[in-house]
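**Student:** Could you work out the structure for the sequence below:
(chains A and B)
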Number of protein chains: 2
Amino acid sequence: MNNHLLFSIAAHDPDTAARGGLIELPRGVIETPCFMPIATHGAVKTLAPWEVRELGAQIILSNTYHLYLRPGMELINRYGGVHRFMGWEQPLLTDSGGYQVFSLASMRKVNDDGVTFQSHLDGTTHHFTPELVIDLQRQLGSDFVMALDECPPGDAPLRAIKEAVARTTSWARRCLDRFGTTESGGDHPQTLCLVVQGGTDPHLRRQSVEELLALGAPAYAIGGLAVGEPREALFATLELLNELLPVDKPRYLMGVGTPADLVRAAALGMDMFDCVLPTRNARNGQLFTPNGTLNIRNARYRSDLEPVQADCGCPLCANFGRAYLGHLFHTGEVLGLRLATIHNLRFYLRLMARMRQAIREGCFRSWSGEFLQQYEGEAE
Amino acid sequence: MNNHLLFSIAAHDPDTAARGGLIELPRGVIETPCFMPIATHGAVKTLAPWEVRELGAQIILSNTYHLYLRPGMELINRYGGVHRFMGWEQPLLTDSGGYQVFSLASMRKVNDDGVTFQSHLDGTTHHFTPELVIDLQRQLGSDFVMALDECPPGDAPLRAIKEAVARTTSWARRCLDRFGTTESGGDHPQTLCLVVQGGTDPHLRRQSVEELLALGAPAYAIGGLAVGEPREALFATLELLNELLPVDKPRYLMGVGTPADLVRAAALGMDMFDCVLPTRNARNGQLFTPNGTLNIRNARYRSDLEPVQADCGCPLCANFGRAYLGHLFHTGEVLGLRLATIHNLRFYLRLMARMRQAIREGCFRSWSGEFLQQYEGEAE
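**Tutor:** This is a model prediction of the structure:
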């Protein structure tokens, strides 16, 4: 199988399903619950890899679809994988590309073999199969490889979700087969992760989990959430999945979410997260703080000399006032995007560290209650 | 006078007019010849102040015109000057704003009192006088304050240059008067620098220098060059100015230039330089190397795994290949702009350090001959 992952749970919170774990991979160790900053094109937007590391990231995520289109696999192969290409030596997860095909590409045609699509960049036609996305990720040499799944939108009819579950299982089997007969194009062995689908329907979720568990994998991802469904349905589905998924395997909740989402999902036994929010919102001037978000473009900050977050200590808050950051945004200075990105990622990564601490100390319920009250009570 | 500058020359090159000096200011020491990175809006584009410092900059330049328009003086005053606003504690020079008025603003009207112009941002009307630009720079708290001068374009008729010289002298006198009766709005005393005009006409240059020397200042800047005149005329004018200007005052050649220009101007006794080239060209993908420039967008680098400059060691060259940098530019990643800016500024600042070393060792002529041959002989 070429899977090389050790997962141990050091602490179970007594009041919630939150758990503090350790994922050991050949390239490094990841403490969970963890957040993965997103390096879409092989760079966490605005940041150098050593900055991402210094912020506390132990694993990042990059997008197979984007790297496949640009720079293309030939160059990645010349580099010997995505790690050397982008100068990141720690663990890295690549998605399968499926989500981007379903959300970005045009003229999409899915059948049981795979998915045909046109590049959002130049309209050229491409065909992804379960086998190809494994081959691509083998070449990328990512530490976590994701199986190809079909991810319907949040408002898809039940029939479409049912079809997606069946197809996702069939594709998972083909991914496992291909993964079992191939080797990494990089320096380290890789781990394959299967993706659960089923929308917010309990029966379909149960079916998807049972079919994937029968196939067997060292880690399970939860797809098909955070795609437009109501928040309560998201958390009800996580509650069910917490019961269905094996305790001793890492659970990766794809594409979630706000700081409050992460806290609530960790309480439901989720271990790994990724989301564009901290980096994308930073570039729109939205800063995360323990009291909710603030938008630095707001006129009220134009003469505010205080740091964005007084007790933060990140390079933004330790050195600059809100008025200066606002000035950088008003004048279009790239430094503003960087400083906001640094602050937001630090906020997310420190939030994960605090979750892990609360789990270790067995006080996740009271800690998270206080956090949520402060975060949601005073949001702008 | 409130001037607080000590200038000492530690070494005169035996074969050229190059000199290695030390400018001591209350905020720090500057080794000359020196290059000043430009922080137009209170930030060296894409970089944090600590990065600029780590690259070896001992002094930076910011633009009075731009800061006056955005964020405006009220905020700068609240911060207690531009240093605290932008988090830069070392020496900083501000220009008078005159050059931007003459190059950026529209509906410009000059008379002996000053210059009326419309903001290039919103068309609002403003009036700069010699007194006002001193007041503005007093509020900015910059270490070097520049007198207001009139800078005609490189193809201006002799009459216009003659008028500009007379006006520049009259404005210099008023700047000195105002400077003598005011104090810094920041934490440290400031130094006023007068600007020589006269285009490439030897008689007018001589007149301008004589009139300004009669007024007396601790440092002299050379304006009205690098404004479109032929290269030979630029260097002929510098040769003359090297003879006319006092040996024991720093000479600041405004807005120059390419690496080759800097080497040639240092050989003619120039001490201080600023230019947008390393930062602006970085953002266009142009990288400076000892063998000339290369543009990373060029197709030939798309699969080139070598660093931009093998013996460089800057964060770009130590960590990434040309193909990766090109990929960052092709995908519009901000990290590419940053890495290119870091490389170019490091190239410029290290070039200044090598000039100073060659001057100390008394071998500027042979060193610069080799540098220019390599730089100009193999340019792309």
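**Student:** Was I right to think residue A:185 contacts residue A:139?
**Tutor:** Yes. Residue A:185 is within contact range of residue A:139, at 4.3 Å (criterion: Cβ atoms under 8 Å). The way it works is simple: take the backbone N, C-alpha and C, and place the C-beta from them, glycine included.
**Student:** list residues touching both of these two?
**Tutor:** Shared contacts of residue A:185 and residue A:139 (Cβ atoms under 8 Å, 6 or more residues apart in numbering or on different chains): A:77, A:81.
**Student:** Now do the SS call for residue A:22.
**Tutor:** For residue A:22, the secondary structure call by DSSP: H, G, I helix; E, B strand; the rest coil comes out as strand.
**Student:** Identify the residue spatially nearest to it, adjacent ones excluded.
**Tutor:** Nearest residue to residue A:22, sequence neighbours excluded (Cβ to Cβ, 6 or more residues apart in numbering or on different chains): residue A:8, at 5.1 Å.
**Student:** how many neighbours does that neighbour have?
**Tutor:** 10 (other Cβ atoms under 10 Å in any protein chain shown).
**Student:** Does it touch residue A:21 like I think?
**Tutor:** Yes. If you go by Cβ under 8 Å, residue A:8 and residue A:21 touch, sitting 6.3 Å apart.
**Student:** Hmm, residue A:185 and residue A:140 touching each other?
**Tutor:** Yes. Taking contacts as Cβ under 8 Å, residue A:140 lies within contact range of residue A:185: 7.3 Å.
**Student:** Between those two, point out the one with more neighbours.
**Tutor:** residue A:140 (27 against 20).
**Student:** check contacts around that one.
**Tutor:** By Cβ under 8 Å, 6+ apart, the contact list for residue A:140 reads A:62, A:64, A:67, A:76, A:81, A:82, A:94, A:185, A:186.
**Student:** In helices only, show me those.
**Tutor:** A:64, A:67, A:76, A:82 (DSSP state H).
**Student:** and stretch A:173-186, is it in reach of chain B?
**Tutor:** No. Applying Cβ under 8 Å from any Cβ of the partner chain, one finds stretch A:173-186 separated from chain B by no less than 15.2 Å.
**Student:** average pLDDT for that stretch?
**Tutor:** Averaging pLDDT along stretch A:173-186 gives 96.
**Student:** Return the distance of that stretch from the chain's centre.
**Tutor:** A distance of 22 Å separates the centroid of the chain from that of stretch A:173-186, by Cα atoms, centre = their mean, to the nearest Å.
**Student:** can you give me the end-to-end distance of it?
**Tutor:** Chord length of stretch A:173-186, first to last residue, is 24 Å (Cα to Cα, to the nearest Å).
**Student:** same deal with stretch A:10-17?
**Tutor:** Terminal residues of stretch A:10-17 lie 13 Å apart, using Cα to Cα.
**Student:** I'd like the mean pLDDT over that stretch, please.
**Tutor:** For stretch A:10-17, the mean confidence score works out to 98.
**Student:** Stretch A:283-293 too?
**Tutor:** pLDDT averaged over stretch A:283-293 gives 98.
**Student:** Buried residues in it, which are they?
**Tutor:** Using 16 or more other Cβ atoms under 10 Å in any protein chain shown as the test for burial, stretch A:283-293 gives A:283, A:285, A:286, A:287, A:288, A:289, A:290, A:292, A:293.
**Student:** Now for these: which two are most distant?
**Tutor:** Largest separation among the buried residues of stretch A:283-293 by Cβ to Cβ: A:283 and A:290, giving 21.5 Å.
**Student:** Which residue is the nearest non-sequential neighbour of the residue of the stretch 151-300 of chain A found nearest chain B?
**Tutor:** Taking Cβ to the nearest Cβ as the measure, the stretch 151-300 of chain A has residue A:283 as its residue closest to chain B, at 8.8 Å. Nearest non-adjacent residue to residue A:283, counting by Cβ to Cβ, 6+ apart: residue A:337, 5.0 Å away.
**Student:** buried ones in the helix or strand harbouring that neighbour?
**Tutor:** According to DSSP states H and E, residue A:337 maps onto helix A:334-360. Across helix A:334-360, burial judged by 16+ other Cβ under 10 Å covers A:334-352, A:355-356, A:358-359.
**Student:** cool, stretch A:238-254 as well?
**Tutor:** A:238, A:240, A:241, A:242, A:245, A:249, A:250, A:251, A:252, A:253, A:254.
**Student:** Among the residues you listed, which are located in strands?
**Tutor:** Counting by DSSP state E, the part of the buried residues of stretch A:238-254 found in strands is A:251, A:252, A:253.
**Student:** Pipe those residues into CSV and attach distance to residue B:147 and pLDDT per row.
**Tutor:** Rendered in CSV, the data for these read as follows (distance: Cβ to Cβ, whole Å; pLDDT from 0 to 100):
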residue, distance to residue B:147, pLDDT
A:251, 67, 98
A:252, 63, 98
A:253, 63, 98
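**Student:** would JSON lines of those residues with distance to residue A:191 be doable?
**Tutor:** Formatted as JSON lines, these follow (distance: Cβ to Cβ, whole Å):
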{"residue": "A:251", "distance to residue A:191": "14"}
{"residue": "A:252", "distance to residue A:191": "11"}
{"residue": "A:253", "distance to residue A:191": "17"}
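**Student:** Sounds good, over and out.
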